[in-house]
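Engineer: Below is the sequence, then the predicted model.
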Amino acid sequence: MQYIGCHLSSSKGFAAMGKVALSIGANTFQFFTRNPRGGAAREIDPQDAQALVMMQHSGAIGKIVAHAPYTLNPCAREEKTLDFARRTMRDDLHRMELVPGNFYNFHPGSHVGQGTEEGIRKIAETLDASMFEGQTTTVLLETMAGKGTEVGGRFEELRAIIDRTAMQEKLGVCLDTCHVSDAGYDIAGNLEAVLEEFDRVIGLSKLHALHLNDSKNPCGAHKDRHERLGEGYLGMETFYRIVEHPALRGLPMILETPNELPGYAAEIARLRAYDAANANKL
Ligand code: FE
Ligand code: FE
Ligand code: ZN
């Protein structure tokens, strides 16, 4: 089974996101746990959460990906900012237990001049302060473009964070295709080599989700500007290769391309059509 979906607005709740996902041919989705710029989270209605859990039990919707607000910095310099990251992540992870067994993706953050080593140390510390015994959510570190002082542009950095975190069995990686290409991994030119590198450094068993985005910039640009599939430097072929790759089959594949719902529906349909045509050949 292929799980393909896109980022959706969470303003109307879980059941609404599930319905919207199905209406555009998706069977997974991503959403922000709260305003992406941070701030207070809306109260989750347990009945609404339960409606999504039922859609997941029926098999209509696979595992979903919650995305932490991208303004929180888990390796900030200021104690106050670090504390905000810890409290937000901890609160989000507790709320996620209303939809158990899904994913929580976050950006490792920017070391803002403290150095990558110190950044890695602080990120692991923030994770240790946020994750809790018995949580069913798997936390995902997102591969980053390496813009500015971002940590997580190199697979080695993600591996080092995982190594220093206590609850490693509840920690994994979400690979963003635009970000890895921008970081200098030639996913368009040689997907196989990038996956081999990922496997060697982190281990493919740690790869739990993908963000499918084309990039407005060439490999190694360190920019992080998403483009629609096939309209950027990665090209449609890259996404077809990803969809048909046996090691990636079954992972939630989330579009974060500049699109409204009809554009997402079209991209999902294109990927599914390719996958179906390909399956017939086997
Ligand atoms: Fe992200
Ligand atoms: Fe992403
Ligand atoms: Zn991005």
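Structural biologist: That came in fine, so what should we check first? Residues are numbered from 1 along each chain as shown. Ligands and ions are numbered 1, 2, ... in the order given.

Engineer: and the residue of the stretch 1-150 of the chain found nearest ligand 2, how many neighbours does it have?
Structural biologist: Per Cβ to the ion, Glu142 is where the stretch 1-150 of the chain lies closest to ligand 2, at 5.6 Å. Every residue, glycine included, has its C-beta placed from N, CA and C. Residues lying near Glu142 (other Cβ atoms under 10 Å) number 21.

Engineer: please begin residue numbering at 3 from this point
Structural biologist: With the count now opening at 3, the last piece we talked about shows up as Glu144.

Engineer: Correct me if wrong: it contacts Asn107.
Structural biologist: Yes. Shown here, Glu144 and Asn107 form a contact pair, counting by Cβ atoms under 8 Å, at 5.5 Å.

Engineer: State the three-state secondary structure for the closest residue to the residue of the stretch 3-152 of the chain closest to ligand 2 other than its chain neighbours.
Structural biologist: Sequence neighbours aside, Cys176 is the residue nearest to Glu144 in space, at 4.9 Å (criterion: Cβ to Cβ, 6 or more residues apart in numbering). Secondary structure, DSSP: H, G, I helix; E, B strand; the rest coil: Cys176 is strand.

Engineer: What's opposite Cys176 in the beta bridge?
Structural biologist: Using DSSP bridges, the beta-bridge partners of Cys176 come out as Glu144, Ala211.

Engineer: ok, Leu84 - contacts?
Structural biologist: For Leu84, the contact set (Cβ atoms under 8 Å, 6 or more residues apart in numbering) comprises Asn75, Pro76, Cys77, Ala78, Lys124, Thr128.

Engineer: Just the buried ones among these, please.
Structural biologist: When the contacts of Leu84 are checked for burial by 16 or more other Cβ atoms under 10 Å, the buried set is Asn75, Pro76, Cys77, Ala78, Lys124, Thr128.

Engineer: Phi, psi for the residue nearest to the fourth one when sequence neighbours are not counted please.
Structural biologist: In space, not counting the residues next to it along the chain, Ala78 is nearest to Leu84; the distance is 5.0 Å by Cβ to Cβ, 6+ apart. As for Leu84, its main-chain torsions (degrees, to the nearest 10) stand at phi -60, psi -40.

Engineer: per-residue pLDDT, Leu84?
Structural biologist: Looking at Leu84, its pLDDT reads 97.

Engineer: try Ala43
Structural biologist: Reading off the confidence values, Ala43 has pLDDT 85.

Engineer: Next, count neighbours for it.
Structural biologist: Ala43, neighbours per other Cβ under 10 Å, totals 16.

Engineer: Return the residues of the stretch 153-284 of the chain in contact with ligand 2.
Structural biologist: Near ligand 2, the residues belonging to the stretch 153-284 of the chain are Asp178, His213 when assessed by Cβ under 5 Å from the ion.

Engineer: Where does the stretch 53-202 of the chain get nearest to ligand 2, residue-wise?
Structural biologist: Closest point on the stretch 53-202 of the chain to ligand 2, by Cβ to the ion, is Asp178, at 3.7 Å.

Engineer: Helix or strand: which one has Cys180?
Structural biologist: Element membership of Cys180 [criterion: DSSP states H and E] is helix 179-185.

Engineer: Render the CA-only coordinates of that helix in CSV, please.
Structural biologist: Extracted in CSV, the C-alpha atoms of helix 179-185 (Å, rounded to 0.1, in the frame of the first residue of the first chain):
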residue,chain,number,x,y,z
THR,A,179,13.4,15.8,-0.9
CYS,A,180,13.8,19.6,-1.4
HIS,A,181,15.9,19.9,1.7
VAL,A,182,18.3,17.0,1.0
SER,A,183,18.9,18.2,-2.5
ASP,A,184,19.5,21.8,-1.3
ALA,A,185,21.8,20.4,1.4
